[in-house]
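Chemist: coords below, sequence missing:
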């Protein structure tokens, strides 16, 4: 499978008909998690649709979801990662202002305020958490990233930066798969990544990602 073994496809942007893309992503996540059992790899995955209707920004939901997955994967080391993540965010508050924090705040209220930072800070601190976790084998799979463009292009830019940063890292074997229904509207943000449009390159797709013929047939029929 080229996405897993070919350095040319270290990161891949996959687009296709809206109705079937979630099924494609789910199959890839399932395959990656099965493979990770044998390689002791960490699989991080995020479905952008889960952030619809959330009070928090999509960047906040993204960072919290993936941090939770890293902590779960890290076992006994997870507490140290969480502590370092919150400490780093608190330091960023200190550099700006602590006027929102009160001595009589509950623990939950304090944590919620610590997490209320600009999206750029969340992404930067998330990168720090990845570094602390010392992940040797990491797969990142993000479904429906075009959903974010209608709300926040900055999120897509930060994800693009995250992918580029991890590809340049020499301490982690990194693979990334980003999926979206639309292609043209994201070309300015993800156009530097290798890409496949499923409805145009169905035959080539099957040799690159682990998607069943049944799913591909539904996508292009």
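Modeler: Thanks, I have the structure now. Here the structure is a predicted model, which means the values were calculated and not measured. Numbers count the residues shown, from 1 in each chain.
Chemist: buried residues in stretch 78-97?
Modeler: Buried residues in stretch 78-97, counting neighbours by 16 or more other C-beta atoms under 10 Å, are found at 78, 81, 82, 84, 85, 88, 89, 90, 92, 93. From N, CA and C alone the C-beta is placed, and that goes for glycine too.
Chemist: Could you export these to TSV, including columns for secondary structure and pLDDT?
Modeler: Below are the buried residues of stretch 78-97 laid out as TSV (DSSP: H, G, I helix; E, B strand; the rest coil; pLDDT from 0 to 100):
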residue	secondary structure	pLDDT
78	helix	89
81	helix	91
82	helix	89
84	helix	90
85	helix	89
88	helix	88
89	helix	86
90	helix	85
92	helix	82
93	helix	81
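Chemist: Would you format these as TSV with distance to residue 38 included?
Modeler: What follows is the buried residues of stretch 78-97, written out as TSV (distance: C-beta to C-beta, whole Å):
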residue	distance to residue 38
78	22
81	24
82	27
84	29
85	29
88	33
89	35
90	38
92	39
93	42
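Chemist: what's the most distant pair in the residues you listed?
Modeler: Taking C-beta to C-beta as the measure, these span a maximum distance of 22.9 Å, between 78 and 93.
Chemist: helix/strand/coil for residue 192?
Modeler: Recorded secondary structure, residue 192: coil (DSSP: H, G, I helix; E, B strand; the rest coil).
Chemist: And for it, the neighbour number?
Modeler: 13 (other C-beta atoms under 10 Å).
Chemist: Also residue 119?
Modeler: Residue 119 has 18 nearby residues by other C-beta under 10 Å.
Chemist: And residue 48, by the same measure?
Modeler: 24.
Chemist: Would you agree it is in contact with residue 159?
Modeler: No - applying C-beta atoms under 8 Å as the test, residue 48 and residue 159 come out as separate, 9.7 Å apart.
Chemist: Do I have it right that residue 45 meets residue 141?
Modeler: Yes - between residue 45 and residue 141 there is a contact under C-beta under 8 Å: 4.3 Å.
Chemist: So for those two, which residues contact both of them?
Modeler: Residues touching both residue 45 and residue 141 (C-beta atoms under 8 Å, 6 or more residues apart in numbering) are 25, 29, 32.
Chemist: Let's have those residues in TSV, adding neighbour count.
Modeler: Listed next are the shared contacts of residue 45 and residue 141 as TSV, based on neighbours: other C-beta atoms under 10 Å:
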residue	neighbour count
25	23
29	19
32	23
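Chemist: Redo these as JSON lines? Include secondary structure, pLDDT and distance to residue 110.
Modeler: Formatted as JSON lines, those follow (DSSP: H, G, I helix; E, B strand; the rest coil; pLDDT from 0 to 100; distance: C-beta to C-beta, whole Å):
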{"residue": "25", "secondary structure": "helix", "pLDDT": "83", "distance to residue 110": "35"}
{"residue": "29", "secondary structure": "helix", "pLDDT": "87", "distance to residue 110": "34"}
{"residue": "32", "secondary structure": "helix", "pLDDT": "83", "distance to residue 110": "36"}
